[in-house]
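> heads up, no residue letters with this:
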């Protein structure tokens with residue numbers, strides 16, 4: 001069991017099946033998009049690959065867009081302690097604990113990626129409603145002897161906090177003329193996406209990124225903040241700007257910093 005986990009860690013990389021974004025849509029993928037070892041010559045039915053948003057997650061299905069399927073998918077994703085396994089067979093996903101197998105809801109979640117907590121007692125899953133453009137969600141689960149139990153609302157405050165930050169943030173630098181301001185006023189505050197980054201303090205805290213919208217109809221398109229959250233209460237303990245988040249937590253587990261040099 002331990003050797004299988006070590007082998008999986010060596011294979012972790014990003015799935016190459018990523019569609020080209022439309023010209024008016026921001027590239028929201030994290031730096032993991034550049035990792036291609038899981039690409040050309042690897043069979044995606046069996047490859048163990050990074051999730052697209054975090055280097056500390058594993059892609060359950062090795063897909064990226066909603067129409068894409070991988071019906072031959074076979075994956076056994078061990079917990080860090082080697083005692084629990086997420087088993088993927090096509091789009092059927094089960095949790096195995098002490099020889100007992102339990103249903104999970106992950107098979108119905110597009111482009112799902114899972115991050116185990118270091119103590120193996122919890123995991124989070126990041127998934128999309130419709131492929132790359134989302135909306136993206138992150139759910140947190142206790143892993144028990146009787147299966148998964150969702151910790152309801154662990155990330156529930158992120159969207160509201162992001163909206164408040166956008167409403168109080170300075171105008172972007174491109175808003176320089178009355179015409180620009182008229183365009184800006186026509187845009188919407190978009191905060192539909194929450195993606196998982198990593199566990200902190202074992203399994204008691206989680207770091208997630210709250211993203212503004214991915215297209216040109218959204219204010220602060222492509223910007224994000226990172227939130228450190230108490231898992232049980234859902235309370236946001238600290239919020240980091242995108243640059244501070246990359247400086248403190250590294251580049252591999254967060255969305256890329258937008259080139260416009262604006263921050264929330």
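Right, received. Where do you want to start? The model shown is predicted, which means the values in this text are computed figures rather than measured ones.
> alpha carbons only for contacts and neighbour counts from here, please
Noted.
> Tell me where the stretch 51-200 of the chain has helices.
Under the criterion DSSP state H, counting those that start in this stretch, the stretch 51-200 of the chain contains helices at 158-168, 178-185.
> and those helices, which is most packed in?
helix 158-168 (a mean of 16; mean count of other C-alpha atoms under 10 Å).
> Which residues does that helix contact?
189-194, 210-212, 219-220, 225, 227, 236, 264 (C-alpha atoms under 8 Å, 6 or more residues apart in numbering).
> how about low-confidence regions in the stretch 1-150 of the chain?
1-37, 39 (pLDDT under 70).
> can we see that at 80?
Within the stretch 1-150 of the chain, the ranges that satisfy pLDDT under 80 run 1-41, 64-66.
> that older thread, and the least confident of the contacts of helix 158-168?
Lowest in pLDDT among the contacts of helix 158-168 is residue 264, which has 88.
> Can you show me the strands along the stretch 51-200 of the chain?
Using DSSP state E, counting those that start in this stretch, the strands of the stretch 51-200 of the chain run over 58-59, 74-78, 84-89, 92-97, 100-103, 110-116, 122-128, 136-144, 147-150, 193-200.
> circling back to that earlier point, nearest to residue 181 among the contacts of helix 158-168?
residue 219 (11.6 Å; C-alpha to C-alpha).
> Which residues are in contact with the most centrally placed residue in the chain?
For the chain, the residue nearest the mean C-alpha position is residue 195 (3.4 Å; C-alpha atoms, centre = their mean). Shown in contact with residue 195 (C-alpha under 8 Å, 6+ apart): 53, 126, 127, 136, 137, 138, 208, 209, 210.
> Wait, the first one touches residue 197, no?
It stands for residue 53. Yes - between residue 53 and residue 197 there is a contact under C-alpha atoms under 8 Å: 7.0 Å.
> shared neighbours, the two?
253, 254.
> Domain-wise, how is the chain divided?
2-150, 158-249 (automatic domain parsing).
> pLDDT value on the residue nearest to residue 218 when sequence neighbours are not counted, please?
For residue 218, ignoring the flanking residues on the chain, the nearest one in space by C-alpha to C-alpha, 6 or more residues apart in numbering is residue 188 at 4.9 Å. We have a pLDDT of 96 for residue 188.
> Compute the distance between residue 188 and residue 158, please.
Using C-alpha to C-alpha, to the nearest Å, one obtains 17 Å as the distance from residue 188 to residue 158.
> Ok, residue 77 next?
For residue 77, the distance to residue 158 (C-alpha to C-alpha) stands at 28 Å.
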